[in-house]
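>>> build the 3D model from these lines:
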Amino acid sequence: MNAEDHAAASTSSAPSIRVLVVDDEEPLADLVAMALRHEGWVASVAYTAKDALRLHHENPHDIAVLDIMLPDGDGLSLMKQLRESDSQLPVLFLTAKDAVDDRVQGLTLGGDDYVTKPFSLEELVARLRGILRRVGQETTDDAHIVRVGDLSLNEDSYEVYRGDTPIELTSTEFELLRYLMNNPRRVLSKAHILDRVWSYDFGGKPSIVEIYISYLRKKIDTLGPPLIHTVRGVGYMIKAADS
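Numbering: from 1, shown residues only. Model (predicted):
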């Protein structure tokens, strides 16, 4: 039950990036792959270490997302096997919330970063972009800066400006704004926003999206013409004031 699809989206600054996603939680692995394809990357999905090795040998990847625990092994051993043929392959580990020893061991043995479950898809994409920049896969100097009109967001420094005015955001506000800005002029539903910004197993009410949209409006739209718009009955969209 493995799948490999090619992305057609054009929102990413590095559309040729190939990502190997390995997790035996099939819905989670597929959801991560879908998010990566939305960024314009190519995502291959494997639910076992055996299939991950096969996919990588058939068509090498630029970076791998590996679950620590797999049905036929573990992410640490899989990383070593993958690097037998590609010693420079960057790896991000997915690990359970309480598996502190696994996280430390993974980074000590050569992992580049880790994300603790549950996680937001936006955070995962940002971590992957950070790794790719560090290893030279994304080389555009301002690739980490997203702009919509006079609003700019720095994905590395977590700085947000409207014109020359700095805007202080909480981590959740930042992730929500980043998702909106990476999809300018696109209407995003509450359900889609919950999947991408809040953790994939978020059990709260969809009204949390409305609350955080109102927080962003108070901090951003009070500084100039409104950028964040409600499409009644559908969702939310960000677009430049003059577009």
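>>> I'd say residue 166 and residue 157 touch.
No: the pair residue 166 / residue 157 is not scored as a contact, 11.0 Å apart, by CB atoms under 8 Å. Where you see a C-beta, it was placed from the backbone N, CA and C, and this is true even at glycine.
>>> where does pLDDT dip in this structure?
1-16, 97-108, 137-143, 199-204, 243 (pLDDT under 70).
>>> domains in it, as residue ranges please.
18-135, 145-238 (the TED database).
>>> from those, which stretch is densest packed?
domain 18-135 (a mean of 19; mean count of other CB atoms under 10 Å).
>>> tell me where this protein has helices.
26-38, 49-58, 75-85, 100-108, 121-134, 171-181, 190-197, 207-220 (DSSP state H).
>>> I'd like these as JSON lines, with distance to residue 236 appended.
JSON lines is the format used below for those (distance: least, CB to CB, whole Å):
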{"stretch": "helix 26-38", "distance to residue 236": "17"}
{"stretch": "helix 49-58", "distance to residue 236": "36"}
{"stretch": "helix 75-85", "distance to residue 236": "36"}
{"stretch": "helix 100-108", "distance to residue 236": "34"}
{"stretch": "helix 121-134", "distance to residue 236": "15"}
{"stretch": "helix 171-181", "distance to residue 236": "7"}
{"stretch": "helix 190-197", "distance to residue 236": "7"}
{"stretch": "helix 207-220", "distance to residue 236": "6"}
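>>> which of those helices sits closest to residue 69?
helix 75-85 (7.3 Å; CB to CB).
>>> helices or strands up against the closest one?
strand 18-22, helix 49-58, strand 63-67, strand 91-95, helix 100-108 (3 or more CB pairs under 8 Å, 6 or more residues apart in numbering; DSSP states H and E).
>>> go with 6 Å
helix 49-58, strand 63-67 (3 or more CB pairs under 6 Å, 6 or more residues apart in numbering; DSSP states H and E).
>>> quick check: which of the ones you listed is nearest to residue 84?
Among the helices and strands packed on helix 75-85, helix 49-58 sits nearest to residue 84 (CB to CB), with 9.5 Å.
>>> next, the angle from the closest one to helix 75-85.
20 degrees (axes from the mean of the first three to the mean of the last three CA atoms, to 10 degrees).
>>> lovely, talk soon.
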